[in-house]
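structural data only, the sequence is not supplied:
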């Protein structure tokens, strides 16, 4: 299974669980304390699923235009950035039995984003 299919499957699972009411996020019906009710949190989580689908679709569209059939084939900067988005999304599912440890992101190297460089 490639990372794209893995993410599509996890997103579908999340959406199905949310729609089935498998998650509850508190019982506040009058969130005067700043907390949100279940419906609000559920809507936001469904929107996050939609955004994940948009990122996956963006990858697929770009990969098709560039002739990339495997995310590991990405070589230019934009394709690598899009692949990195997939890797970061997949990282939230490291405990899933279908997760491939080869998808773990590379540790940061000296240079861009390195706090030791000041």
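On my side now, so go ahead. Keep in mind it's a predicted model, so treat the numbers as computed, not measured.

so which residue is smack in the middle of this protein?
Centroid check for the chain by CA atoms, centre = their mean gives residue 89 as the closest residue, at 2.5 Å.

any idea how far residue 8 is from it?
11 Å (CB to CB, to the nearest Å). C-betas here are computed from N, CA, C, even on glycine.

ok, back up a step: next up, the contacts around the residue nearest to the centre of the chain.
7, 52, 55, 56 (CB atoms under 8 Å, 6 or more residues apart in numbering).

out of those residues, who's nearest residue 19?
residue 52 (15.3 Å; CB to CB).

list the contacts of that closest one.
For residue 52, counting by CB under 8 Å, 6+ apart, the contacting residues are 7, 11, 89.

swap in 10 Å and give it another go.
Counting by CB atoms under 10 Å, 6 or more residues apart in numbering, residue 52 touches 7, 8, 10, 11, 14, 15, 85, 86, 89, 92.

now the buried members of those residues.
Buried members of the contacts of residue 52, scored by 16 or more other CB atoms under 10 Å, are 7, 8, 10, 11, 14, 15, 86, 89.

just the ones in helices from those, please.
Assigned to helices by DSSP state H, the following of the buried ones among the contacts of residue 52 qualify: 7, 8, 10, 11, 14, 15, 86, 89.

and the furthest pair within those residues?
15 and 86 (17.9 Å).

tabulate the ones in helices among the buried ones among the contacts of residue 52 in CSV, adding columns for pLDDT and distance to residue 104.
Formatted as CSV, those follow (pLDDT from 0 to 100; distance: CB to CB, whole Å):
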residue, pLDDT, distance to residue 104
7, 97, 15
8, 97, 20
10, 97, 16
11, 97, 20
14, 93, 21
15, 94, 25
86, 92, 12
89, 93, 13
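
adding distance to residue 61, write these out as a markdown table.
Listed next are these as a markdown table, based on distance: CB to CB, whole Å:
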| residue | distance to residue 61 |
| --- | --- |
| 7 | 15 |
| 8 | 14 |
| 10 | 20 |
| 11 | 17 |
| 14 | 22 |
| 15 | 21 |
| 86 | 13 |
| 89 | 16 |
